[in-house]
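*Asks:* Quick one, what's the 3D model for this:
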Amino acid sequence: MKTVKLIVILAVSLALVLVVAQNRAPVQTSFLWFNAEMPAILLLLLTGAGGVRSGAACRAVREKWREIQSISPESVMPDTDTQPAW
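*Replies:* Residues are numbered from 1 along each chain as shown. As a prediction, this is how the structure comes out:
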């Protein structure tokens, strides 16, 4: 099993080195008022980091929503079927 893990790690590392080597050329980037020329690999990394951050934010919102949904209505509001005391 350790040999398989080592082979996978080496293959992924080699693929990463190839991606970096092939994406060193500068690209023109414009986003809203931001214009820049940067290496393509930097643009890929920034885009990936933004995607990871967006996914983490969506997961946090979904977990909070599930937490809110799991709260029983009785613990938040009293039972409305009972008659008032007056």
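
*Asks:* Can you give me the pLDDT of S72?
*Replies:* Looking at S72, its pLDDT is 61.

*Asks:* Please apply the same query to W86.
*Replies:* Looking at W86, its pLDDT reads 61.

*Asks:* again, but for I41
*Replies:* If you check I41, the pLDDT there is 84.

*Asks:* How about whichever helix or strand E63 is part of, which residues are buried there?
*Replies:* Under the criterion of DSSP states H and E, E63 resides in helix 40-70. By 16 or more other CB atoms under 10 Å, the buried positions in helix 40-70 come out as A40, I41. All C-beta atoms are positioned from the backbone trio N, CA, C, and that covers glycine.

*Asks:* That helix: how far from the chain's middle?
*Replies:* With CA atoms, centre = their mean, to the nearest Å as the basis, helix 40-70 stands 3 Å off its chain's centre.

*Asks:* just checking, what packs against that helix?
*Replies:* The contact analysis (3 or more CB pairs under 8 Å, 6 or more residues apart in numbering; DSSP states H and E) places helix 40-70 against helix 2-22, strand 26-31.
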